[in-house]
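*Asks:* compute the structure for the input listed below.
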Amino acid sequence: MVSEGEKIKVAIAEDHQILRQGLVLLFEGEENLEVVFNVGDGIELVEKVKENPLDVLILDLNMPKMDGETCLPIILEINPNIKVIILSAYFSESIVNALLKMGATCFLPKHCDFSILLDAITSVHYKGFYSMEESEKQKRINLELEMNEKFTPREIDILKLLCKEKTSKEIAKELFISSRTVEGHKLRIMEKTNTTSTSGVVLFVLRKGYFR
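*Replies:* Prediction:
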């Protein structure tokens, strides 16, 4: 584990060069991460692990010369402290369970959001594990806190109804307030969301994911 202020040393083993280079570029924008190396085959990976201190390895299963499943126990024998995140398009429950028993720390599908991969890297490094369910729960809590800080309870009620395509008259009836009051709330909501229309407000909410 790194000390406070030090960067998490990350390596990428992925045979698709475009994806590998894309991850490197994305990681370069993260202040707490350092990409130590990136490789496209299993043989080179094993050699690089021998030569470089490493905290977290992002490992693809389908690689030339030596696949990820074969590499995994060799890598952990070289450095048992490396946290291995399997990133693959091909998986099943049996494969995931087998890899976890072999020492992988967690498994992520390649179609996952980059933010999830970042969460996983931080979590496996500092906690020793990662749970997508736990991460999604925390994100939901964070969104609710953000929403409650930005909007009043009444504005949140109105936002929910706007997302259901309710008119001001229908909202007024449902909330037992006047249409004029609804319009006043909508104006304040548009100011807070920097929008100029109801559709703009709804789009803002959808992008934020407040009511998923």
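*Asks:* number of nearby residues for the closest residue in space to residue 147 that isn't next to it in sequence?
*Replies:* Leaving out its chain neighbours, the residue that sits closest to residue 147 by CB to CB, 6 or more residues apart in numbering is residue 210, at 5.2 Å. (Glycine included, C-beta is placed from N, CA and C.) Counted with other CB atoms under 10 Å, residues neighbouring residue 210 total 19.
*Asks:* return the backbone torsion pair for residue 210.
*Replies:* Main-chain torsions, residue 210, degrees, to the nearest 10: phi -60, psi -40.
*Asks:* for it, what are its contacts?
*Replies:* The contact partners of residue 210, by CB atoms under 8 Å, 6 or more residues apart in numbering, come to 143, 147, 159.
*Asks:* just residue 166 next, same as before
*Replies:* Counting by CB under 8 Å, 6+ apart, residue 166 touches residue 174.
*Asks:* let me see the ranges of the helices in the chain.
*Replies:* Using DSSP state H, the helices assigned to the chain run over residues 17-28, 42-51, 68-78, 93-102, 114-126, 132-150, 153-163, 168-175, 179-193, 198-208.
*Asks:* can I get the fifth one as CSV, trimmed to CA atoms?
*Replies:* Written as CSV, here are the backbone C-alpha positions of helix 114-126 (Å, rounded to 0.1, in the frame of the first residue of the first chain):
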residue,chain,number,x,y,z
PHE,A,114,-14.4,4.2,-16.7
SER,A,115,-15.5,5.6,-13.4
ILE,A,116,-16.2,2.1,-12.2
LEU,A,117,-12.7,1.0,-13.2
LEU,A,118,-11.3,3.9,-11.2
ASP,A,119,-13.4,3.0,-8.2
ALA,A,120,-12.2,-0.6,-8.5
ILE,A,121,-8.6,0.4,-8.6
THR,A,122,-8.9,2.6,-5.5
SER,A,123,-11.0,0.1,-3.6
VAL,A,124,-8.8,-3.0,-4.3
HIS,A,125,-5.7,-1.0,-3.3
TYR,A,126,-6.9,0.5,-0.1
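*Asks:* mean confidence score for it?
*Replies:* The average of the pLDDT scores along helix 114-126 is 90.
*Asks:* list the buried residues for it?
*Replies:* 116-117, 119-125 (16 or more other CB atoms under 10 Å).
*Asks:* can you check the fourth one too?
*Replies:* Applying a neighbour-count criterion of 16+ other CB under 10 Å, one finds residue 99 buried in helix 93-102.
*Asks:* measure how far that helix is from the centre of its chain, please.
*Replies:* Between the centre of helix 93-102 and the centre of its chain there are 22 Å (CA atoms, centre = their mean, to the nearest Å).
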